[in-house]
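*Asks:* fold the following and give me the result.
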Amino acid sequence: MLSSKQQARLQAAVAHHLAERFDAAAGLYEGLRAEAPDDFQINHLFGALRHQQGRPAAALVLLEKARRKMPRSAPTLMCLGLALSALGRHEEAEKALGACLTLAPGDAEAWSNLGAVYAVSARTEEAIAAFRRAIGLKPASAQAWMGLGSVLQASGRSGEAVECQDRALAIEPASTKARFARAQALLALSRPDEALADFDAHLALRPNHHQARSFRLFLLNYSDRFSREEILAEHLAYGRAVEAEAGPSRRRLANDPEPGRRLRVAFLSPDLRGHSVAYFIEPLLAHLDRTQFEIVLYHDHYCVDPTSERLKRGAALWRNFSGWADGAVEDAIRADAPDVLVDLAGHTGFNRLELYARRLAPVQINYLGYPATTGLKAMDYRLTDAVADPVGETDHLHTESLLRFAPTAWAYAAPPEAPAPALSPGLRGEAVTFGSFNALSKLSPSTLEVWRDLLAAAPEARLVIKSSGLDPERFGRRLAAAGLPLGRIDLLGMTPDVAAHLACYARMDVALDPFPYNGTTTTCEALWMGVPVVTLAGDRHIARVGASLLTAIGRPEWVAQSREEYIRIAVSLARDTAGRRELRTGLRPALLATPLLDHAGQAARFGAAVRSSWRDWCGRKATTAGERLSVLS
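*Replies:* Residues are numbered from 1 along each chain as shown. This next block holds a predicted model:
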């Protein structure tokens, strides 16, 4: 039984807790627990606080003790489920939440939390049902509407997701979580300007929400309104904020600084599945020398598909961090002790960049998933090439040192189900057709202006646009506003599978790369299907990916240096029927002889770059050790 003074201190702790003054609350709870270590209320409340602080392991110890004192406490069981889920123990979390709902079947919050556990366990339909059950019990539950919207978006139902987040915001207008989730859904619907406005509104209320700030940085790359220096400044501000909060790493990395030994190289990504990132990393991993490198893969997504399973088979260690709290992820990676940690996400999706600021490995490298700097000084290197990042021209745009490791920074693995190239419209005697299968969010106002002028320069030609989330009415209005002739444009939506998608390249004669955000997978797909691609080389990495890919396959003549040249190249290709006929059948075999499809060579170059970065660290380590010895002598 707590004394009256202890009760007063507990009430003060709860007041701090409710006001989100977590450090003050923790200090009081800590003191009270030292005096009354077995008190149910103290252990329950302190456990709930530790979970909110992102310390699920500490929360679990406290909540288990509270449960032993009161096994039928529904609130304790619910908090226990949340802590278990944050530790990646989703089956145990489901049991704890199930026990909670047995005691309190009408608890809408518990149903929402169970829905979240189902979601990170890839049990989508059960997650939707749980969230709908919560809404049925409490229609004014912003938490339930937010959860339902998030799982719907993850299922590709972004339009419905926006509606759900709108419902959540109607209930809680100041909800930063709902606004953040709606912004993500808007981006999935290729409405980046609206998404950017949502993130600005979100950050006005929560300026230190680094995850939202990171996603906003990703959005900036789609815009043609910001200079590369303005975008760099935003990334640097993010890096300063995150690294100031992380502080200096107090944990010693005990990796052996031996330059030539076998290295443990870990890759962290939410995209080790049927995703563009996997298309480019899989051929490298398949050919990486296992006598030199031990491969560890950290998947950070609930979806585990055949691509995931293939990657898993080639790894010495595989972990899935889906739903794990940052603290649990950090502990797991530190325990694995990788020598090199490769980030494949950057500022895309739900990344873990804040962990890199805490220095999880001696060498930290960004590669592939993000087309700009992370803004983190703790990210040591970024892998690229000399075309995407010309020497001396873009180095100052990065906090990382640029490692130009290969003729092109990509290794493309064509899908085995790709059909043979078929005759395009112009080769069938129909109107020559330009095309783009890129995400609509990449079709900037500048891109649409040039395409308008291109269609004016080739009045006999048509344009085909294919993208997920394409709303013909909404996008048609955007095309009309940009002055494009709707009567000469075909709009295509999703196809059922990869083979059907690739078959759609038979509907275009010449592929048009958008700018400033170039395509990558779409460019490689077009080339594999025998379609020439026209790109405009810009002033930053994101706007030079097309130039890198085309230079690597020996087609620099398709790289324009101005908008006028872009139109001139496209028109020239459209009118060269014989040349396009030859490309339709000859481009695919020609690609096989280029660095882009030289998987073994690219893997060797990748391995050499990793080894070089490791040797640099060993050299710095030896220098530091020598300096310490000289001071002591």
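*Asks:* which SSE is Leu101 in?
*Replies:* helix 90-103 (DSSP states H and E).
*Asks:* quick one: low-confidence residue ranges for this structure.
*Replies:* 249-250, 624-633 (pLDDT under 70).
*Asks:* returning to that earlier point: so what does the helix holding Leu101 touch, helix or strand wise?
*Replies:* helix 74-86, helix 108-120 (3 or more C-beta pairs under 8 Å, 6 or more residues apart in numbering; DSSP states H and E). To be clear about C-beta, it is placed using only N, CA and C from the backbone, and glycine gets the same treatment.
*Asks:* can you dump the C-alpha coordinates of the first one into CSV?
*Replies:* Meaning helix 74-86. Extracted in CSV, the C-alpha atoms of helix 74-86 (Å, rounded to 0.1, in the frame of the first residue of the first chain):
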residue,chain,number,x,y,z
ALA,A,74,-7.1,-5.8,-19.5
PRO,A,75,-5.1,-2.5,-19.7
THR,A,76,-1.9,-4.4,-18.7
LEU,A,77,-2.5,-7.1,-21.2
MET,A,78,-3.1,-4.5,-24.0
CYS,A,79,0.2,-2.7,-23.1
LEU,A,80,1.9,-6.0,-23.0
GLY,A,81,0.7,-6.8,-26.5
LEU,A,82,2.0,-3.5,-27.7
ALA,A,83,5.5,-4.1,-26.2
LEU,A,84,5.7,-7.6,-27.6
SER,A,85,4.8,-6.4,-31.1
ALA,A,86,7.4,-3.7,-30.9
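*Asks:* what's it in contact with?
*Replies:* The contact list for helix 74-86, computed with C-beta atoms under 8 Å, 6 or more residues apart in numbering, reads 44, 47-48, 50-51, 54, 56, 59-60, 63-64, 66-67, 70, 90, 92-97, 99-100, 103-104, 107, 109-110, 113-114, 116-117, 120, 323-325, 328.
*Asks:* Arg123: neighbour count?
*Replies:* By other C-beta atoms under 10 Å, the residues close to Arg123 number 18.
*Asks:* hmm, I was thinking of Asp513
*Replies:* Residues lying near Asp513 (other C-beta under 10 Å) number 30.
*Asks:* do the same with Ile295
*Replies:* Ile295 has 18 nearby residues by other C-beta under 10 Å.
*Asks:* that's a helix at it, yeah?
*Replies:* No. Counting by DSSP: H, G, I helix; E, B strand; the rest coil, Ile295 is not part of a helix but strand.
*Asks:* that one against Ala315, yeah?
*Replies:* Yes. Ile295 is within contact range of Ala315, at 4.9 Å (criterion: C-beta atoms under 8 Å).
*Asks:* pull up the overlap in contacts between these two.
*Replies:* Leu285.
*Asks:* what about Tyr566, distance to Ala537?
*Replies:* Separation of Tyr566 from Ala537 (C-beta to C-beta, to the nearest Å): 10 Å.
*Asks:* try Leu355
*Replies:* Taking C-beta to C-beta, one finds Leu355 at 35 Å from Ala537.
*Asks:* for the two, indicate the residue with more neighbours.
*Replies:* When neighbours are counted by other C-beta under 10 Å, Ala537 comes out ahead of the other of Leu355 and Ala537, with 25 against 22.
*Asks:* list the contacts for the closest residue to that one other than its chain neighbours?
*Replies:* Excluding the flanking residues, the one nearest Ala537 by C-beta to C-beta, 6 or more residues apart in numbering is Ala547, at 4.3 Å. Listed by C-beta under 8 Å, 6+ apart, the contact partners of Ala547 are 387-388, 535, 537, 556, 559.
*Asks:* which SS state does Ala547 fall under?
*Replies:* Applying three-state DSSP: Ala547 is helix.
*Asks:* Arg358 now?
*Replies:* Classified using three-state DSSP, Arg358 is coil.
*Asks:* my guess is it contacts Ile333. True?
*Replies:* No. Contact criterion C-beta under 8 Å: Arg358 and Ile333 do not qualify, at 9.9 Å.
*Asks:* quick check, nearest of the contacts of Ala547 to Ile281?
*Replies:* Of all the contacts of Ala547, Ile281 sits closest to Ala388, with 16.8 Å by C-beta to C-beta.
*Asks:* any idea how far that closest one is from Phe405?
*Replies:* Applying C-beta to C-beta to Ala388 and Phe405 gives a distance of 11 Å.
*Asks:* comparing the two, which residue is more hemmed in?
*Replies:* Between Ala388 and Phe405, counting by other C-beta under 10 Å, Ala388 is the more crowded of the two (26 against 22).
*Asks:* ok, the more buried one - contacts?
*Replies:* With C-beta under 8 Å, 6+ apart, Ala388 has these contacts: 408-409, 541, 544-545, 547-548.
*Asks:* and these as JSON lines, adding distance to Ser227?
*Replies:* Shown next, in JSON lines, are the contacts of Ala388 (distance: C-beta to C-beta, whole Å):
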{"residue": "Thr408", "distance to Ser227": "26"}
{"residue": "Ala409", "distance to Ser227": "23"}
{"residue": "His541", "distance to Ser227": "14"}
{"residue": "Arg544", "distance to Ser227": "16"}
{"residue": "Val545", "distance to Ser227": "19"}
{"residue": "Ala547", "distance to Ser227": "19"}
{"residue": "Ser548", "distance to Ser227": "21"}
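*Asks:* heading C-terminal from the helix or strand encompassing Gly27, find the next helix or strand.
*Replies:* Per DSSP H and E: Gly27 is located in helix 22-35. Going down the chain from helix 22-35, the next helix or strand is helix 40-52, by DSSP H and E.
*Asks:* what does that next one contact?
*Replies:* 2, 10, 13-14, 17, 22, 25-26, 29-30, 32-33, 36, 56, 58-63, 65-66, 69-70, 73, 75-76, 79-80, 82-83, 86.
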